[in-house]
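**Student:** no sequence on hand, only this structure:
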C-alpha cells in the first residue's frame with residue numbers, strides 16, 4: 001500500500017468519531033469483511049492533535 005494511502009487511512013481514523021462511519025469506509029473502500037470492519041471501528045485511538 002502506498003504511503004499516501006496509509007496516511008489517508010490513519011488521518012481518517014484519527015479524525016472520525018463515529019464507529020459506523022469507520023465500519024462503512026472499512027467495508028467499502030478498504031475491502032474488509034464485516035468482522036474486520038467491526039474490529040477496526042472498535043480500536044481506541046487518541047484524538048487527533050493539531051500540528
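**Tutor:** Cool, got the structure. Since the structure is predicted, the reported quantities are computational estimates derived from the model, not experimental observations.

**Student:** and the spatially most central residue of the chain, what does it touch?
**Tutor:** Nearest residue to the geometric centre of the chain (CA atoms, centre = their mean): residue 13, 3.8 Å. The contact partners of residue 13, taken as CB atoms under 8 Å, 6 or more residues apart in numbering, are 22, 40, 43, 45. Bear in mind the C-beta positions are built from the backbone N, C-alpha and C, glycine included.

**Student:** tell me which of the residues you listed fall in helices.
**Tutor:** The helices, defined by DSSP state H, take in 22, 40 from the contacts of residue 13.

**Student:** tell me the buried residues within the contacts of residue 13.
**Tutor:** Using 16 or more other CB atoms under 10 Å as the burial test, the contacts of residue 13 include 22, 40 as buried.

**Student:** check the contacts of residue 13 against residue 29 and report the nearest one.
**Tutor:** residue 22 (10.8 Å; CB to CB).

**Student:** relative to residue 40, how far out is that closest one?
**Tutor:** 6 Å (CB to CB, to the nearest Å).

**Student:** likewise for residue 9?
**Tutor:** 9 Å.

**Student:** skipping its backbone neighbours, what lies nearest residue 20 in space?
**Tutor:** Excluding the flanking residues, the one nearest residue 20 by CB to CB, 6 or more residues apart in numbering is residue 41, at 7.5 Å.
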